[in-house]
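[1] Here is my input; please provide its structure:
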Amino acid sequence: MEGEGNERKFILSFSSEEPYERYWGKEILDHNPAAVDLTRLNTIGVLLFNHNRDKVIGKINRAWIENQRGMAEVEFDDDAESEVIFQKVKSGTLKGVSTGYRIGVIEEVMANKVSTDGRFNGPCDVARQWMPYEISIVSVPADATVGVGRDLGESSPQRPETLTCFEAQLQINKNRK
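    Next up is the predicted model:
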């Protein structure tokens, strides 16, 4: 987590393309900028503690995609409850970050097949359109590659353009054969 003048304002990473094992299999969040709708984070985004909607501890000043990672500038509130979490983050006790999101379009990549963009091997589900709606400081993150102090991700090779939904559905149908 990096301060920017105001000691309550920080830049952090909140998501990546790290596969996450769900009960049905691996889920991957595509981080092509066209795949991620950051509108909600950039207009009414809040910083929560452990995804608890009743524990708002700050705001999201801005969110963007960089090096296949979701990045955000967040600012902690200064009320008593937020201060407790802020101090735990500042001291390094809490480092985990997570995001709540909704998936709009998913590409199912079958076993021994490759995703439409050639980047992911099946079996997995790739979220091709998704919207994060909150960022949380968490005690136990699902994705250990993001969080406090993980804002400077390694640069990745240039990624190909995303297919249209129609082209992607045709490829998905081919993958199922």
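
[2] can we go C-alpha only for contacts and neighbour counts from here?
    OK.

[3] For the nearest residue to residue 86 once chain neighbours are set aside, which residues are in contact?
    Among residues not flanking residue 86 along the chain, residue 76 sits closest, at 6.6 Å (C-alpha to C-alpha, 6 or more residues apart in numbering). With contact taken as C-alpha atoms under 8 Å, 6 or more residues apart in numbering, residue 76 is in contact with 8-9, 47, 57-59, 82-83, 86.

[4] I'd like these as a markdown table, with secondary structure appended.
    As requested, those are exported to a markdown table (DSSP: H, G, I helix; E, B strand; the rest coil):
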| residue | secondary structure |
| --- | --- |
| 8 | strand |
| 9 | strand |
| 47 | strand |
| 57 | strand |
| 58 | strand |
| 59 | strand |
| 82 | helix |
| 83 | helix |
| 86 | helix |
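
[5] Tell me the one among those nearest to residue 130.
    Distances from residue 130 to those, taken as C-alpha to C-alpha, are shortest for residue 47 (18.6 Å).

[6] I'd like to know the beta-bridge partner residues of the residue nearest to residue 86.
    Listed by DSSP bridges, the beta-bridge partners for residue 76 are residue 58.

[7] remind me which residues of the protein are low pLDDT?
    Applying pLDDT under 70 to the chain picks out residues 1-6, 147-177.

[8] Helices along that one, start to end?
    Assigned helices in the chain, in chain order: 39-44, 80-91, 165-175 (criterion: DSSP state H).

[9] Outside of the second one itself, list whatever touches it.
    Around helix 80-91, the neighbours that count as contacts under C-alpha under 8 Å, 6+ apart are 8, 49, 56-58, 76-77, 94-95, 148.

[10] Recalculate using a threshold of 10 Å.
    For helix 80-91, contacts defined as C-alpha atoms under 10 Å, 6 or more residues apart in numbering pick out 1, 3, 7-8, 47-49, 55-58, 75-78, 92-96, 137-138, 148.

[11] Run the chain-centre distance for that helix.
    Averaged C-alpha coordinates place helix 80-91 at 22 Å from its chain's average position (C-alpha atoms, centre = their mean, to the nearest Å).

[12] So which bits of that helix are buried?
    Of all the residues in helix 80-91, those buried under the rule 16 or more other C-alpha atoms under 10 Å are 82-83, 85-86, 89-90.

[13] go on, the shortest one?
    Along helix 39-44, these residues count as buried under the neighbour rule (16+ other C-alpha under 10 Å): 41-42.

[14] Dump stretch 116-136 to PDB, keeping only the CA atoms.
    C-alpha atoms of stretch 116-136 as PDB (Å, rounded to 0.1, in the frame of the first residue of the first chain):
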ATOM      1  CA  THR A 116     -10.800 -17.900 -27.300                       C
ATOM      2  CA  ASP A 117      -7.800 -15.600 -26.700                       C
ATOM      3  CA  GLY A 118      -5.400 -18.500 -26.300                       C
ATOM      4  CA  ARG A 119      -4.300 -17.400 -22.800                       C
ATOM      5  CA  PHE A 120      -6.000 -19.900 -20.500                       C
ATOM      6  CA  ASN A 121      -6.100 -23.700 -20.600                       C
ATOM      7  CA  GLY A 122      -9.200 -25.700 -19.600                       C
ATOM      8  CA  PRO A 123     -10.900 -26.800 -17.600                       C
ATOM      9  CA  CYS A 124     -11.800 -23.300 -16.300                       C
ATOM     10  CA  ASP A 125     -14.400 -20.600 -16.500                       C
ATOM     11  CA  VAL A 126     -13.200 -17.200 -17.700                       C
ATOM     12  CA  ALA A 127     -15.300 -14.100 -16.800                       C
ATOM     13  CA  ARG A 128     -15.300 -12.200 -20.100                       C
ATOM     14  CA  GLN A 129     -17.500  -9.400 -18.800                       C
ATOM     15  CA  TRP A 130     -17.600  -8.600 -15.100                       C
ATOM     16  CA  MET A 131     -18.200  -5.700 -12.700                       C
ATOM     17  CA  PRO A 132     -16.600  -5.200  -9.400                       C
ATOM     18  CA  TYR A 133     -18.900  -3.400  -7.000                       C
ATOM     19  CA  GLU A 134     -16.800  -3.100  -3.800                       C
ATOM     20  CA  ILE A 135     -13.300  -3.500  -2.500                       C
ATOM     21  CA  SER A 136     -12.700  -5.000   0.900                       C
END
